[in-house]
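**Student:** model the structure of this input:
(one chain, ligands or ions: 1)
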Amino acid sequence: MPEGPSLVIFKEEIMPFKGKKVLTASGDVKTMDPGLLKGKKIKDIKTWGKHLLLIFSDDLTVRIHFLMFGSFTIDSKKDRPARLHLGFAGKRELNFYTCSIQLIEQPLDEAYDWTADIMNPDWDTKAALRKIKTIPEELVCDVLLDQELFAGVGNIIKNEILYRTGIDPNSKTGKIPAAKLKALVKDAVDFAFLFLKYRKVHMLTKHLQVHDKKVCPKHETPLEKGHPGKKKRRSFWCKTCQKLYG
Ligand SMILES: [Zn+2]
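**Tutor:** Here you go, the predicted structure:
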């Protein structure tokens, strides 16, 4: 599943379509009528967490979530029907596949809390810490994947920042010392921008320390592997480097 930094890259790739008018719109999308978009201009393109947002007007935005296997093509088609196809002048086209598409028919500032998006300049570390304080019994591995708190954080970012800050994924947020928790929240943003930098040059995997790895880079001992928490996503951690709180 693409994480926040990958969405920023998708946005940059699609940016040349900003200001362009949709001439044809079709697809097997069930949640909206693609015909609605015909004749409308893409006014802007934004991301919020793992959502790509094609903004047509103040109260008309197409929200694309790539789920596990979603993808898109620019000026070409795959050998299967697109969920949403948008055609533009000069035979230009955008096609989205295997994704969830929703219409947002209200101003985006009402639909989204921008301060909760790790890639957004309005991200608010203090607000995130305040929200975590209200759920002291939750495991940190679940809290980091909560898109209401950390929009854009996915499993790779979760595993890497827990290792970088020395916190066992099974720790309860209420038991983690305040300074440690603050370091973790700050690192979510710091690491997300490193992720963006490395992914742009196709060097991300090389720079991961524990996600999908076998041994701790520091100790060269086997990493723990499991599916902790309610969300049961794959976790990789070092029992020596990462402390269990609570
Ligand atoms: Zn270690």
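**Student:** could I get the helix or strand containing residue 5 in PDB with only the CA atoms?
**Tutor:** For residue 5, the host element (DSSP states H and E) is helix 4-14. Extracted as PDB, the C-alpha positions of helix 4-14 are listed here (Å, rounded to 0.1, in the frame of the first residue of the first chain):
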ATOM      1  CA  GLY A   4       2.200   9.300   2.300                       C
ATOM      2  CA  PRO A   5       5.500  10.100   0.600                       C
ATOM      3  CA  SER A   6       4.600   7.900  -2.400                       C
ATOM      4  CA  LEU A   7       1.400   9.900  -2.700                       C
ATOM      5  CA  VAL A   8       3.400  13.100  -2.900                       C
ATOM      6  CA  ILE A   9       5.300  11.500  -5.800                       C
ATOM      7  CA  PHE A  10       2.100  10.500  -7.500                       C
ATOM      8  CA  LYS A  11       0.800  14.000  -7.100                       C
ATOM      9  CA  GLU A  12       3.900  15.500  -8.700                       C
ATOM     10  CA  GLU A  13       3.600  13.000 -11.700                       C
ATOM     11  CA  ILE A  14       0.000  14.000 -12.200                       C
END
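**Student:** so for it, mean pLDDT?
**Tutor:** Across helix 4-14, pLDDT averages out at 98.
**Student:** for that helix, packing partners?
**Tutor:** For helix 4-14, the elements it packs on are strand 44-48, strand 51-57, strand 71-74, helix 178-200, judged by 3 or more CB pairs under 8 Å, 6 or more residues apart in numbering; DSSP states H and E. In this view, the C-beta of every residue, glycine as well, is placed from N, C-alpha and C.
**Student:** and of these, who's closest to the ion?
**Tutor:** helix 178-200 (16.8 Å; CB to the ion).
**Student:** buried residues in the closest one?
**Tutor:** Judged by neighbour count (16 or more other CB atoms under 10 Å), helix 178-200 contains these buried residues: 180-185, 187-189, 191-192, 194-196, 198-199.
**Student:** next: stretch 78-94.
**Tutor:** Across stretch 78-94, burial judged by 16+ other CB under 10 Å covers 82-88, 93-94.
**Student:** ok now stretch 188-199, how far from the chain's centre?
**Tutor:** Mean-position distance between stretch 188-199 and its chain equals 12 Å (CA atoms, centre = their mean, to the nearest Å).
**Student:** cool, and stretch 109-125?
**Tutor:** The answer for stretch 109-125 is 13 Å, by CA atoms, centre = their mean.
**Student:** first to last residue in that stretch, what's the distance?
**Tutor:** 19 Å (CA to CA, to the nearest Å).
**Student:** go on, stretch 216-225?
**Tutor:** This stretch, stretch 216-225, spans 12 Å end to end (CA to CA).
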